[in-house]
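**Q** Output the structure for:
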Amino acid sequence: MQGASLKQSLPSRKFGGNNGVFWLMLIPTFIFLVAFNYAPMFGIVVAFKNYNYRDGILGSPWYGLKNFDFILKSGKLTLLIQNTLLYNIVFIITGTVSAILIAVLVSEINGSPTAYINLHKYRYTCCIRYHFLLCYNRGEHK
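**A** Numbering: from 1, shown residues only. Below you'll find the model as predicted:
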């Protein structure tokens, strides 16, 4: 008798079940995940192709690992890795320092309530514009 009552109290395990709204709300999440995490991986194919603009990515012939052979044999691999690491370190430091600086400057604003409300309208816009300009300069806008 106890087993029967325990089985009746467990929730239904079938797909969807009573969670139709939950699955409906997950659709934009899955679209976002595919669009921004999986679709860009298609561009990795370019590293293995002899790419030309006329034929596009799918029409270009396969080149294999010859592009990587070229980088290894050119003697510039250490310079490429060094530049990549240094640029990323500089971007991380400048982004963090500028974000902290803006946060401190905005938090230190004093004055009349109307001046604060007027500034409150524009401060997020200024911060967001700065962020988009920074991302645009880094090439993250693509």
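
**Q** count of neighbours near L77?
**A** Residues near L77, counting by other Cβ atoms under 10 Å, number 12. C-beta coordinates here come from the backbone N, C-alpha and C atoms, glycine included.

**Q** just T96 next, same as before
**A** Other residues close to T96 by other Cβ under 10 Å number 10.

**Q** what's whichever strand or helix holds it packed up against?
**A** Per DSSP states H and E, T96 falls inside helix 77-107. If you count contacts as 3 or more Cβ pairs under 8 Å, 6 or more residues apart in numbering; DSSP states H and E, helix 77-107 packs onto helix 113-138.

**Q** What mean pLDDT does the helix it packs on get?
**A** Averaging pLDDT along helix 113-138 yields 63.

**Q** do stretch 51-64 as well
**A** 87.

**Q** What residues of it count as buried?
**A** 51, 60, 63 (16 or more other Cβ atoms under 10 Å).

**Q** Using PDB, write out every CA atom in that stretch.
**A** Coordinates of each C-alpha in stretch 51-64 appear next as PDB, following Å, rounded to 0.1, in the frame of the first residue of the first chain:
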ATOM      1  CA  TYR A  51      39.700  30.000 -49.900                       C
ATOM      2  CA  ASN A  52      38.800  32.300 -52.800                       C
ATOM      3  CA  TYR A  53      36.100  34.900 -52.800                       C
ATOM      4  CA  ARG A  54      34.500  33.700 -56.100                       C
ATOM      5  CA  ASP A  55      33.700  30.200 -55.000                       C
ATOM      6  CA  GLY A  56      33.000  31.000 -51.400                       C
ATOM      7  CA  ILE A  57      33.600  28.700 -48.400                       C
ATOM      8  CA  LEU A  58      31.700  25.600 -49.700                       C
ATOM      9  CA  GLY A  59      33.100  25.900 -53.200                       C
ATOM     10  CA  SER A  60      36.700  26.400 -52.400                       C
ATOM     11  CA  PRO A  61      39.000  23.300 -52.700                       C
ATOM     12  CA  TRP A  62      40.300  21.500 -49.500                       C
ATOM     13  CA  TYR A  63      43.800  22.500 -48.600                       C
ATOM     14  CA  GLY A  64      44.300  20.300 -45.600                       C
END
